[in-house]
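>>> predicted model and sequence below, questions to follow.
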Amino acid sequence: MAEPYHGDDMVVCPLDFTDFKRTCAVIVSGDGINACGHALLHVGDAWYSHVAGVYDLPKFMHESGYQRYLKENGKREIRRWIVKLADPVGAHLKLHELMKKPWLWGVLPHNCASFVEEVMKAGGSNAGMYLNCPRAEAFA
């Protein structure tokens, strides 16, 4: 049986820094015993990125891939927060940097929420999560 879809490695980035004028933190339900849920970065009209492994490259997908991801992983979207970025160029550069190297999953201190936070902070936002438990708190 094939593994459920989690996205693709970013080979070529279809995003421009202007796409970061519309940025959201998206929270979906978690896997198995993960009651905290999962966070993804939504950029522009239809692009998502997230970390989806213990030590793996972050994944990237278009809206159709996001819908496939939800279906194949038995997830549902819980909420999304729009985050205004003062420096879209900084966020764009940070996403490029993060997409090129494996992300070491550290449960709560270095997880899916902190991945989204790093991009947002590079974009000039202070938005984030204190506990890094997406389902339990606001991304503010």
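That came in fine, so what should we check first? Residues are numbered from 1 along each chain as shown.
>>> in this structure, which spans are strands?
Using DSSP state E, the strands found in the chain span residues 23-28, 38-43, 47-50, 55-56, 59-62, 77-82, 103-104.
>>> distance from the fourth one to the middle of the chain?
For strand 55-56, the separation from the chain centroid amounts to 15 Å (computed by C-alpha atoms, centre = their mean, to the nearest Å).
>>> what sits up against it?
Strand 55-56 is contacted from outside by 102-105, using C-beta atoms under 8 Å, 6 or more residues apart in numbering. C-beta here means a position set from N, CA and C on the backbone, and glycine is covered the same way.
>>> please apply the same query to the second one.
With contacts defined as C-beta under 8 Å, 6+ apart, strand 38-43 is touched by 15, 19-20, 22-31, 48-50, 66, 75, 80, 95, 111-113, 115-116, 119-120, 129, 134, 139.
>>> list only buried entries from those.
Under a neighbour-count criterion of 16 or more other C-beta atoms under 10 Å, the subset of these counted as buried comprises 15, 19-20, 23-30, 48-50, 66, 75, 95, 111-113, 115-116, 119-120, 129, 134, 139.
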